[in-house]
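Undergrad: output the structure for:
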Amino acid sequence: MPSKLHMAPLALAALLVIEAASATTANAAETLVKIGVSGPLSGANAFAGKDNENGVRLAIEELNAQKLQVGGTTLRFELQSEDDQGDPKQGVNVAQKFADAKVKFVLGPYNSGVAIPASRVYNDSGILMSTVGTNPKITQSGYATVFRIVASDTQVGGSMAAYAAKELKLKNVGVIDDRTAFGQGIAMEFKRQAQAAGMKVAGHEYTTDKATDFAAILTALKAKRVDAVFFGGYAPQGAPMARQMKQLGLNVPLLGGDTLCSPEMAKLGGAAVGENVRCAQAGAIVARQPGGPAFINAYKARFKRDPDVYAPSFYDQTKFIAQAMKSANSIDAAKVGAAMHAISYQGVVGTYGYDPKGNLKKTAVTVYTFKGGVLSPLASY
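TA: From the prediction side, this is the model:
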């Protein structure tokens, strides 16, 4: 075939028309799928929001490279990330913004207190929501396209209570919660199941997710001779709490849920965060899973840092949504949601399969501590 430089003008024009038509056809055969991420990209928990976003971004880049075919067209995934500031009102605004932008799949919110009110907007707008919010109320509304992609407070709080009773042999514990939907939820579950396991809850104190001074409540628990403190809250409060426990001579374990299982705890707490901290995190130990090392290496190569708590779960759920699209041969959120209830997906964290309410049918919970500033697994339940 002669080169374009040696073709007659009319022949060249005809060829250009054909090429333009071919390009239009190729573009027409590509379907855009917007994936929203709602999380705290500012404030104390911004590290977690960015980590979650990175997990979704990595999955989207891999899916686009695969050129997934659904309904006879190639899907092109596009990330739209919004800062909900960890605030319920802002989370509802973000949900409405996604609805207006015709986003049909959202990963997040991160915070239970944001996920509970936002879930109604997502449901009413026909949007599939996948959250790591652990408060049981999130999936009690019966919304068909709301999924919790990690263990609930019931599972995480129960596992930490079991560990405290069986492994630490605790008898007299104190509880602190930060009054958020997450903090209250997990603290109450730990308290309930600790008492069922024979432990005495000597005191239940309260703080906020903005506090920095815990001297008064820690002194109150020290006076009650507790042999551990369970904190329902986030790492930006958990780390200074660990420091202040040492300063007050309250040398007992600080227990918590998945939000304390973060490198941010060691970063903020320094030498005060070590084997004195025990936290329970949903999922198996990623580095020991078949696809775990490959994910960790890919994440580090792309973002120049280690993944935090939930990047693997957000990555997995994005991939599961794509698999469900293929299974349903549709990008309709309701059909994709129905497929996700019917099939399972093997991700880097474990196997994902959902019950009718959108909870994981089965999930491991692993208890960790910190050694040399790095999370170290102790036991799985």
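Undergrad: what's the first helix or strand after the one helix or strand in the chain whose mean pLDDT sits lowest?
TA: The least trusted helix or strand in the chain, going by mean pLDDT, DSSP states H and E, turns out to be helix 9-28, with a mean of 44. Next helix or strand after helix 9-28 toward the C-terminus (DSSP states H and E): strand 30-39.
Undergrad: show me what the closest residue to A151 other than its chain neighbours bridges to in the sheet.
TA: Among residues not flanking A151 along the chain, A282 sits closest, at 3.5 Å (C-beta to C-beta, 6 or more residues apart in numbering). The C-beta positions use only the backbone N, C-alpha and C, and glycine is treated the same way. A282 has these beta-bridge partners by DSSP bridges: V365.
Undergrad: where does S141 fall, phi/psi-wise?
TA: Main-chain torsions, S141, degrees, to the nearest 10: phi -80, psi -10.
Undergrad: roughly how far apart are it and A282?
TA: Remark: distance between S141 and A282 (C-beta to C-beta, to the nearest Å) = 21 Å.
Undergrad: cool, and I35?
TA: Where A282 is concerned, I35 sits at a distance of 22 Å (C-beta to C-beta).
Undergrad: of those two, which one has the most company?
TA: When I35 and A282 are compared for neighbours, A282 comes out ahead with 27 against 22, by other C-beta atoms under 10 Å.
Undergrad: and that one, what's its pLDDT?
TA: What the model reports for A282 is a pLDDT of 80.
Undergrad: ok, now which ones touch it?
TA: By C-beta atoms under 8 Å, 6 or more residues apart in numbering, the contact list for A282 reads 134, 150-151, 155-156, 258, 313, 363-365.
Undergrad: distance of it from V309?
TA: Distance of A282 to V309, given as C-beta to C-beta: 9 Å.
Undergrad: overlap in contacts of these two?
TA: D258.
Undergrad: where exactly do the helices run in the stretch 201-350 of the chain?
TA: 215-223, 235-247, 263-269, 292-303, 311-328, 333-342 (DSSP state H, counting those that start in this stretch).
Undergrad: torsion angles phi and psi at G372?
TA: For G372, the backbone dihedrals (degrees, to the nearest 10) come out as phi 60, psi 30.
Undergrad: i'd like the first residue to be 542 from this point on
TA: With the count now opening at 542, the last piece we talked about shows up as G913.
Undergrad: count the residues that sit near it.
TA: For G913, the neighbour count with other C-beta under 10 Å is 7.
Undergrad: likewise A703?
TA: Applying other C-beta under 10 Å, we find 19 residues neighbouring A703.
Undergrad: same question, A828
TA: A total of 12 residues lie near A828 under the criterion other C-beta under 10 Å.
Undergrad: next: the one 3 residues further on.
TA: Around P831 sit 8 other residues, with neighbours defined as other C-beta under 10 Å.
Undergrad: need the contact list for it.
TA: The contact partners of P831, by C-beta under 8 Å, 6+ apart, come to none.
Undergrad: buried sites along stretch 649-664?
TA: Judged by neighbour count using 16 or more other C-beta atoms under 10 Å, the buried positions of stretch 649-664 are 649-657, 659-660, 662-664.
Undergrad: rewinding a little: nearest to T721, of the helices of the stretch 742-891 of the chain?
TA: Of all those, it is helix 776-788 that lies closest to T721, at 10.2 Å by C-beta to C-beta.
Undergrad: quick one: contacts of that closest one?
TA: Applying C-beta under 8 Å, 6+ apart, the external contacts of helix 776-788 come out as 585-586, 717, 719, 748, 750, 752-756, 759, 770, 772, 792-793, 795, 797, 800-801, 803, 805-806, 808-811, 813-814, 817-818.
Undergrad: the nearest residue to G790 once chain neighbours are set aside and A757, how far apart?
TA: Distances taken as C-beta to C-beta, 6+ apart put K763 closest to G790, at 7.4 Å, once the chain neighbours are dropped. Distance of K763 to A757, computed by C-beta to C-beta: 11 Å.
Undergrad: more crowded one of the two?
TA: Remark: of K763 and A757, K763 carries more neighbours, 17 against 9, as counted by other C-beta under 10 Å.
Undergrad: for the protein, give me the ranges with low pLDDT.
TA: 542-569 (pLDDT under 70).
Undergrad: what domains does the record give for it?
TA: Domains of the chain are assigned by automatic domain parsing as 569-692+828-890, 695-823+907-921.
Undergrad: any chance of TSV for these, columns distance to N900?
TA: Formatted as TSV, those follow (distance: least, C-beta to C-beta, whole Å):
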stretch	distance to N900
domain 569-692+828-890	5
domain 695-823+907-921	9
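Undergrad: so which of those domains gets nearest G899?
TA: Per C-beta to C-beta, nearest to G899 of the domains of the chain: domain 569-692+828-890, 4.5 Å.
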